[in-house]
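S.K.: Predicted model and sequence follow; I will ask about them next.
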Amino acid sequence: MSEDYYSILNVSKSATSDELKKAYRKLAIKWHPDKNKDNPSAEAEFKKITEAYEVLSDSTKRSQYDQLGHRSFKEHSQGGGRGTGGFQHDPFDFFNSFFGGNAHNSNSFFTREGNGRTSQGRKSGSNLKIDIEVSLEDLIREKEVNLSYDRNDKCKSCSGTGKTNSSSIVSCGVCGGRGAVYRQMGPMQMEQICHACNGEGTTVKNPCNPCSGHGYIHNKMKTSVNIPVGCHSGVKLRLSNLGNYDKGGYGDLYVFVHVKTHSTYDRDGDDLIRNLKVEFYDMILGTSLKIDTLYGNINLKIPSNSKPDAVLKVNSHGVPNMNTHKKGDMFCVLKPNFPESISSDQIQLLQLYKKSTSNI
C-alpha cells in the first residue's frame, strides 16, 4: 500500500469530511490490535491509519499536506515542530476520543492487553508469560497444573500509589514534564520514553520507602491453571490480573501449553498412531494381544494372514476433542517381529513348511 495518506484511507483527494470519517471508522475497527491479536503487523497498520486521519481531518494540516506532499510533510513533522503537522497523539487515545472518549461505544474488544493500555488509555501492569509442558496422558481429562513465578505486586504500605502523606508530585527533572526525551540522529529526531519517570512526566517527592515510589514490590506468586481436555501445543491460556502491577492496575498472566513428544504415540489431530510389533507367526496365524492405551489395557485381535504395515483401527481411544470432548481413534500399524536367531529344530520346521508349499 502506498504511504500516501489518501491511499491509506482508500479515499480520493476530494473526499469530504464525512467520507474521511467513515473510512477511518471502518479501517480503524478492522485493524485495531485487540481485534487482530494473532497479526503482529496490525498495530503498525492501525497507527498508520490513525495518523492519516488525524492529518486529513484537520483542514490546516490537510492543506499543508496537499501543498508539501507526503515526504516533505513527514520530514517537517519529525524535525522538531510537533505543532506544525504530523502525528502528535497516542493513536489509541485518538481512537478512544473519536468514539466519544470510550472505545466500548463501538466494540467491546478494545482492552489493549498487549501493550499495557486499558480502553481508557491509562497504563496498566505488564503481562507475564509462562511455558508449561504436559503429556498426552494429561489431556484425556482436565488437569490442574501448579504454577510458581515472580511478579511485581502491589505495595501494601502505600496501596500501590507510591506515595505517603508526606509525598508530593513534582515535574520530572529529566524530561521537563513531557514524559519523553529526544535524541538527535543526523537530520532526524528520535523520541523515547523518559526512563526517569517512565513516561509519566512527573515523579514523587518523598516516595513510599518499601517500593521507592514505584507502587509495587517484587513478590513470589503461586497459582494453578486447568489444562483443557484435548489441548494442543501452542494453546494460550489467559489468567486475568495475575501479571505485573503498576499504578494503573494488574496485567495478565499468559500460560503457553506445549504437549511433550510421546514415546509410543504420534498425534494426528484427535487421533493417535502407533507402531505395534507382532511376532511374524502371529501375523500369519492370527492372535489376540493385550496392549496398553491411554485408557488402560485392551485386547486387540490380529487377523490371520495380516500383512506388514497393515493398520487396525481402535475406536474412541484417541485424544478427546477440545470443543466436543468426543474421543478420536487409535490406529495400530502392524510391524512383524522376526527373531535374531533360530534353533536347528526351528530351521527344520521352516524347511518342512517350505517343502510343503512347493508341493501345493
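M.R.: Structure received.
S.K.: what about residue 156, how many residues close to it?
M.R.: 10 (other C-beta atoms under 10 Å). C-betas here are computed from N, CA, C, even on glycine.
S.K.: ditto for residue 204
M.R.: What residue 204 shows, counting by other C-beta under 10 Å, is a neighbour count of 21.
S.K.: swap in residue 294?
M.R.: Neighbours around residue 294, by other C-beta under 10 Å: 19.
S.K.: For it, which non-adjacent residue is closest in space?
M.R.: Excluding the flanking residues, the one nearest residue 294 by C-beta to C-beta, 6 or more residues apart in numbering is residue 140, at 5.4 Å.
S.K.: Now for that neighbour: which residues touch it?
M.R.: Residue 140 makes contacts with 229, 294, 295, 319, 320, as judged by C-beta atoms under 8 Å, 6 or more residues apart in numbering.
S.K.: Name the member of the residues you listed that has the highest neighbour count.
M.R.: residue 319 (25 neighbours).
S.K.: Quick check, it in contact with residue 137.
M.R.: No. The criterion here is C-beta atoms under 8 Å, and residue 319 misses it with residue 137 at 10.2 Å.
S.K.: what touches both of the two?
M.R.: Contacts common to residue 319 and residue 137, judged by C-beta under 8 Å, 6+ apart, are residue 294.
S.K.: Buried residues, stretch 203-215. List them.
M.R.: Neighbour counts over stretch 203-215 (16 or more other C-beta atoms under 10 Å) mark 203, 204, 207, 208, 211, 213, 214, 215 as buried.
S.K.: Rounded mean pLDDT for the helix or strand the first one falls within, please.
M.R.: Right, residue 203. Residue 203 belongs to strand 202-205 when assigned by DSSP states H and E. Averaged over strand 202-205, pLDDT sits at 86.
S.K.: Who are the packing partners of that strand?
M.R.: strand 168-171 (3 or more C-beta pairs under 8 Å, 6 or more residues apart in numbering; DSSP states H and E).
S.K.: follow-up on the earlier one: could you spell out the sheet neighbours of the strand holding residue 203, each with its direction?
M.R.: Take DSSP bridges as the rule and strand 202-205 pairs in its sheet with strand 168-171 (antiparallel).
S.K.: Can you identify each of the strands in the stretch 251-360 of the chain by residue range?
M.R.: Per DSSP state E, counting those that start in this stretch, the stretch 251-360 of the chain carries strands over the ranges 253-259, 266-268, 271-279, 287-293, 296-302, 311-314, 330-337.
S.K.: Which of the residues in the first one are classified as buried?
M.R.: Within strand 253-259, the residues scored as buried using 16+ other C-beta under 10 Å are 253, 254, 255, 257, 259.
S.K.: Take the residues you listed and lay them out in JSON lines including distance to residue 60.
M.R.: Formatted as JSON lines, the buried residues of strand 253-259 follow (distance: C-beta to C-beta, whole Å):
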{"residue": "253", "distance to residue 60": "46"}
{"residue": "254", "distance to residue 60": "44"}
{"residue": "255", "distance to residue 60": "50"}
{"residue": "257", "distance to residue 60": "53"}
{"residue": "259", "distance to residue 60": "58"}
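S.K.: could I get the residues you listed as TSV with pLDDT and distance to residue 308?
M.R.: Shown next, in TSV, are those (pLDDT from 0 to 100; distance: C-beta to C-beta, whole Å):
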residue	pLDDT	distance to residue 308
253	95	50
254	95	46
255	96	43
257	95	37
259	96	30
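S.K.: quick one: which helix or strand includes residue 6?
M.R.: helix 5-9.
S.K.: Distance-wise, check the most centrally placed residue in the chain relative to residue 251.
M.R.: The chain has residue 236 as the residue nearest its centroid, 6.1 Å off, counting by C-alpha atoms, centre = their mean. Counting by C-beta to C-beta, to the nearest Å, the gap from residue 236 to residue 251 is 15 Å.
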